[in-house]
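*Asks:* Here is a sequence with its predicted model. Questions after.
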Amino acid sequence: MLEALNAFIEANADSAWLLPIVLLLCILDGVLPPVPSEATLVALGAVAGAEGDPNIAALIAVAALGSFLGDNLTYTIGRHTRLGRLRDSKRPKVRGFVNWVVKMLDRRGGTIVIACRYVPGGRQLVNLTAGATEFPRPRFMLFDGIGVTTWSAYNVGVGALAGSWLEEQPLLGLVIAIVLALVLGWFAELGAKRWRSRTERRVGVAS
């Protein structure tokens, strides 16, 4: 399947409709775990690095936008439907994972939103749970924006660097990407907490 996908991408890398297809694919991936967005981005990155089409910056931007829209759609589904009530799932593994996510959202919400962007299936559960537990949407959008940008750049970058040491050590590359995302998430979360604290002090002084 992946070989057929790669062949199709290589044959259509310069097509005008390719980026809109990537956008749609990444939106669907935010809701449906089986959608092969990572494999598609890596394959496109490899073609872009070798042939110059599609444009790497445009590819990263479109993938990030599609992923952001898909994640926020899943968040909305979690907030407004019973699909978000996964804490009551009959599957022990799902129930246990969701309960862990709830605790982590309370303690390190931004970090878990960003980190789970790299976990197929896990990100959908996290986003559903974030919506169901009414994790603040502005914070979710901030951290998810960081997550989808680093995730898109990582997958396209792996493809563009095909044939180099990163291709021979994919696990190391993934670890580097996740560490980078966690560091960015930590700084963003720290900044958000300071901003909220400063705002609360200003409100207290004004009242």
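*Replies:* The structure has been received and is ready for your questions. This one's a predicted model, so the numbers in the text were calculated from it and none came from an experiment. Numbering: from 1, shown residues only.
*Asks:* Show me the helices in this protein, by range?
*Replies:* Using DSSP state H, the helices found in the chain span residues 2-11, 18-29, 37-51, 56-80, 92-115, 122-132, 137-160, 165-168, 170-206.
*Asks:* was I right about residue 110 contacting residue 142?
*Replies:* Yes - assessed by C-beta atoms under 8 Å, residue 110 is found in contact with residue 142 at 7.3 Å. Any C-beta I mention is one placed from the backbone N, CA and C, and that applies to glycine too.
*Asks:* What residue, apart from its backbone neighbours, is nearest residue 149 spatially?
*Replies:* The shortest distance from residue 149 to any non-neighbouring residue, by C-beta to C-beta, 6 or more residues apart in numbering, is to residue 64 (4.9 Å).
*Asks:* pLDDT value on that neighbour, please?
*Replies:* For residue 64, the pLDDT comes out at 96.
*Asks:* In contact with residue 104: list those residues for me.
*Replies:* 111, 112 (C-beta atoms under 8 Å, 6 or more residues apart in numbering).
*Asks:* Any figure for the gap between it and residue 130?
*Replies:* 10 Å (C-beta to C-beta, to the nearest Å).
*Asks:* residues touching residue 63, list them.
*Replies:* Taking C-beta under 8 Å, 6+ apart, one finds 22, 23, 26, 37, 41, 148, 152, 155, 156 in contact with residue 63.
*Asks:* Output the below-cut-off pLDDT ranges for this structure.
*Replies:* 1-16, 50, 82-88, 162-207 (pLDDT under 70).
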